[in-house]
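Chemist: I'd like to go over a predicted model; first the sequence, then the structure.
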Amino acid sequence: MSAGLPALLWLQGKHLRAELNFWLWAAGTDLDETHDVVERIYLAYLVVIAGVAVASCWLWLLGLVTGAAQTTGPVTATLTHELAQLLAGTVLVLPIFATMGWSVRAAWRAPWTPTPPDVAWFAQLNISTAAWSAVELAKRALGRLLLFGCGGYFVAAYAAAAAGHAPSPGACMPYAAALGLGSVTAYALSWAVGIMRLRLGRRRRLPLALAALAASIALLALSVIAMPACQRVAAALLAENLAYAGIACAGCLAAVLLALAAAHTITPVALMREASADASLYAVRRMAVYNPKAYRALMKSRRRSLKAPRLRMPHAHGSLAALARSSISVLRHYETLPALAATGALIAPAGAVLLSGALAETSAALGMLGGATGARVLGAASWILLVINSGDAPRTLARVFIADERNRFMRDHLPISTPALFAFDTLPCFAVIAFSSAIVGACLGAWGVPAREAADIALRMLALDIALACIGALDVAELSSRRMRLSCESATVIIAIVIAVASALAPDGSTSLAFWIGATAASGMAALQLR
């Protein structure tokens with residue numbers, strides 16, 4: 001295991017120097033440029049300032065913690081002491097929760113991903129993979145030991161101050177050491193899970209992640225059961241009982257040995273496969289200082305490029321290829337699905353009620369809104385405003401068709417007519433809104449609406465869905481000196497007026513015919529504009 005350990009430590013020193021150099025560059029200096037006395041004095045100044053800032057922050061936080069435990073009366077002192085004991089026992093459960101989170105994450109995404117330059121250097125030297133894993137584990141476990149240890153020191157200081165004792169290092173260090181060693185134990189166990197993930201590869205990580213999730217749920221139940229025991233352990237640690245700290249040290253050592261034993265099973269091939277799947281971002285890391293938003297976007301795009309596509313285009317030939325492409329486009333652009341569902345479940349039902357004059361009889365009987373005519377005009381105007389202000393619902397319906405028609409380089413080479421392309425590109429979106437409208441119609445029947453009336457409303461909604469799809473297709477009509485172009489908004493106003501007038505003139509029981517007249521008018525306008 002010790003083969004190549006000096007070379008590994010040299011490599012970690014190089015990485016540490018590069019990391020330190022990065023943050024010093026952000027502060028205005030560089031380790032590679034400290035050649036004169038002024039630059040070295042400035043570097044020493046930064047070191048002193050950083051040390052003073054860390055010490056000041058530590059003392060300030062410690063003062064806040066101990067000050068929060070100070071009380072004036074005996075009742076509040078007793079309550080604060082009990083609360084501190086409860087807090088100290090509860091915090092000891094944090095390593096169990098950390099084991100849950102880290103294990104599930106390590107089962108899905110390996111905790112250690114070497115960079116391609118390191119793997120290339122590793123392939124040229126006689127270095128044990130177990131030794132490399134041990135160095136990486138020690139580097140990451142040290143950070144968690146310091147983090148949890150400092151947090152445990154603050155908790156112990158609060159408990160000691162609440163008990164009326166001075167928060168000395170001798171009184172706080174056993175609790176802090178136990179919590180820090182517990183975090184190292186948790187991370188070592190998750191590291192063993194991550195080593196197993198490296199062995200199995202990226203394709204078999206789902207069963208391992210499910211197994212880690214099941215074990216995490218069992219640990220969660222165990223933590224709830226072991227809460228009284230944690231309270232007793234915390235009380236013993238705050239009483240400077242070092243026995244439990246020794247038990248934590250033994251458990252940490254056992255977990256580390258388990259992780260190192262698992263590391264013996266890693267092969268160089270597994271490391272190289274993992275490194276080739278995750279490219280290094282060191283070349284653009286300085287962007288994280290002056291443009292963190294662009295750096296995060298770059299990292300996100302690189303991670304997405306490594307993932308396999310969730311959906312693949314089905315095999316199709318001829319005109320069905322356009323339908324297959326539009327279907328996969330709708331599924332991949334899932335952010336438009338809520339808008340499509342709202343169009344079928346809100347806009348179409350509202351139009352079926354407002355444009356049909358359903359409120360006209362009620363308005364005429366009550367003498368409101370200017371009678372039946374005023375109610376019809378107000379209903380049509382309300383629906384027009386709803387469609388116009390609904391985030392381009394017609395254009396969302398015809399989004400794929402609009403994109404295909406505006407891409408002139410590809411459109412000229414498609415062996416399909418414009419009406420056929422419109423039908424195939426709009427069919428998936430139309431299926432979504434028609435399904436939403438059908439659900440609304442079924443709910444109307446369940447709410448006690450007569451079956452005939454519910455079917456009539458469903459036919460109106462279907463006609464409005466067709467009309468909205470045709471209106472959205474008008475957005476691709478080109479300007480021409482011989483042809484007047486209609487915008488989606490203008491077409492919406494015209495179709496609404498046509499349906500409202502036809503509904504007012506239609507005999508009783510044939511209101512759906514007016515909506516289909518409007519759908520026919522919208523189809524005619526689309527055919528004239530797109531020919």
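Modeler: Structure's in. What do you need?
Chemist: List the buried residues in the host helix or strand of residue 428.
Modeler: Using DSSP states H and E, residue 428 sits within helix 418-446. For helix 418-446, the neighbour count (16 or more other Cβ atoms under 10 Å) marks 418, 421-430, 432-434, 436-437, 440-441, 444 as buried. Bear in mind the C-beta positions are built from the backbone N, C-alpha and C, glycine included.
Chemist: Quick one: list the elements packing against that helix.
Modeler: If contacts are counted by 3 or more Cβ pairs under 8 Å, 6 or more residues apart in numbering; DSSP states H and E, helix 418-446 sits against helix 320-332, helix 337-342, helix 348-354, helix 393-397, helix 399-406, helix 451-473, helix 511-530.
Chemist: Redo the ones you listed as CSV? Include mean pLDDT, distance to residue 6 and mean neighbour count.
Modeler: Shown next, in CSV, are the helices and strands packed on helix 418-446 (pLDDT from 0 to 100; distance: least, Cβ to Cβ, whole Å; neighbours: other Cβ atoms under 10 Å):
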stretch, mean pLDDT, distance to residue 6, mean neighbour count
helix 320-332, 79, 51, 17
helix 337-342, 85, 58, 16
helix 348-354, 83, 73, 23
helix 393-397, 81, 63, 24
helix 399-406, 81, 59, 21
helix 451-473, 84, 69, 23
helix 511-530, 82, 74, 20
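Chemist: Same list (those) but as CSV, adding distance to residue 239.
Modeler: Rendered in CSV, the data for the helices and strands packed on helix 418-446 read as follows (distance: least, Cβ to Cβ, whole Å):
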stretch, distance to residue 239
helix 320-332, 61
helix 337-342, 58
helix 348-354, 69
helix 393-397, 67
helix 399-406, 69
helix 451-473, 73
helix 511-530, 81
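Chemist: So for residue 377, which of these sits nearest?
Modeler: helix 348-354 (10.6 Å; Cβ to Cβ).
Chemist: Go ahead and measure how far the closest one is from the middle of the chain.
Modeler: Counting by Cα atoms, centre = their mean, to the nearest Å, helix 348-354 is centred 36 Å from the centre of its parent chain.
Chemist: what's the neighbour count on residue 379?
Modeler: For residue 379, the count of nearby residues is 25 (other Cβ atoms under 10 Å).
Chemist: In a strand, it, correct?
Modeler: No. Counting by DSSP: H, G, I helix; E, B strand; the rest coil, residue 379 falls outside a strand, being helix.
Chemist: Local confidence estimate at it?
Modeler: Looking at residue 379, its pLDDT stands at 77.
Chemist: longest helix anywhere in this structure?
Modeler: Longest helix in the chain, counting residues (DSSP state H): helix 129-162.
Chemist: Just the buried positions in that helix, please.
Modeler: 129-137, 140-141, 144-145, 148-149, 151-162.
Chemist: In terms of secondary structure, what does it contact?
Modeler: helix 5-27, helix 37-68, helix 74-91, helix 169-200, helix 227-238, helix 243-263, helix 268-277.
Chemist: quick one: low-confidence ranges for the stretch 351-500 of the chain?
Modeler: Residues of the stretch 351-500 of the chain that meet the criterion pLDDT under 70 lie in 358-373, 391, 477-485.
Chemist: can we see that at 50?
Modeler: Along the stretch 351-500 of the chain, segments meeting pLDDT under 50 span 479-481.
Chemist: which element is the residue nearest the centre of the chain on?
Modeler: In the chain, the residue lying closest to the centroid (Cα atoms, centre = their mean) is residue 300, at 10.9 Å. Per DSSP H and E, residue 300 falls inside helix 292-306.
Chemist: domain parsing for the protein?
Modeler: Structural domains of the chain, as assigned by automatic domain parsing, span the residue ranges 5-304, 321-530.
Chemist: Report all helices and strands that the one helix or strand residue 221 maps to contacts.
Modeler: Following DSSP H and E, one finds residue 221 within helix 205-225. Judged by 3+ Cβ pairs under 8 Å, 6+ apart, the packing partners of helix 205-225 are helix 94-108, helix 169-200.
Chemist: For residue 520, give me its contacts.
Modeler: Residue 520 makes no contacts at all, as judged by Cβ atoms under 8 Å, 6 or more residues apart in numbering.
Chemist: right, I mislabeled it, should have said residue 330
Modeler: 336, 337, 400, 428, 429, 432.
Chemist: The first one touches residue 397, doesn't it?
Modeler: Same thing as residue 336. No. Between residue 336 and residue 397 there is no contact under Cβ atoms under 8 Å: 9.4 Å.
Chemist: where do the contact lists of those two overlap?
Modeler: Common contacts of residue 336 and residue 397, defined by Cβ under 8 Å, 6+ apart, comprise residue 429.
Chemist: The closest residue to residue 493 other than its chain neighbours: how many residues sit nearby?
Modeler: In space, and not counting its chain neighbours, residue 493 is closest to residue 384: 5.7 Å by Cβ to Cβ, 6 or more residues apart in numbering. Residues near residue 384, counting by other Cβ under 10 Å, number 20.
Chemist: Give me the distance between residue 406 and residue 422.
Modeler: Separation of residue 406 from residue 422 (Cβ to Cβ, to the nearest Å) stands at 13 Å.
Chemist: Sorry, wrong one. I was asking about residue 41.
Modeler: For residue 41, the distance to residue 422 equals 73 Å [Cβ to Cβ].
Chemist: distance between the ends of stretch 117-130?
Modeler: One end of stretch 117-130 sits 19 Å from the other (Cα to Cα, to the nearest Å).
Chemist: Distance from that stretch to the middle of the chain?
Modeler: Taking mean C-alpha positions (Cα atoms, centre = their mean), stretch 117-130 and its chain are 35 Å apart.
Chemist: Give the buried residues for that stretch.
Modeler: In stretch 117-130, counting by 16+ other Cβ under 10 Å, buried: 118, 119, 122, 127, 128, 129, 130.
Chemist: cool, stretch 68-81 as well?
Modeler: So, applying 16+ other Cβ under 10 Å, buried residues of stretch 68-81: 69, 71, 77, 80, 81.
Chemist: give me the low-pLDDT residue ranges for the stretch 201-350 of the chain?
Modeler: 276-279.
Chemist: Next up, the contacts around the spatially closest residue to residue 487 that is not a sequence neighbour.
Modeler: Leaving aside its chain neighbours, residue 487 sits nearest to residue 474 (7.1 Å; criterion: Cβ to Cβ, 6+ apart). If you count contacts by Cβ under 8 Å, 6+ apart, residue 474 has them with 485, 486, 487, 488, 491, 525, 526, 529, 530.
Chemist: Roughly how far does the third one sit from residue 392?
Modeler: Spelled out, that is residue 487. 11 Å.
Chemist: which one of these two has more residues nearby?
Modeler: residue 392 (17 against 12).
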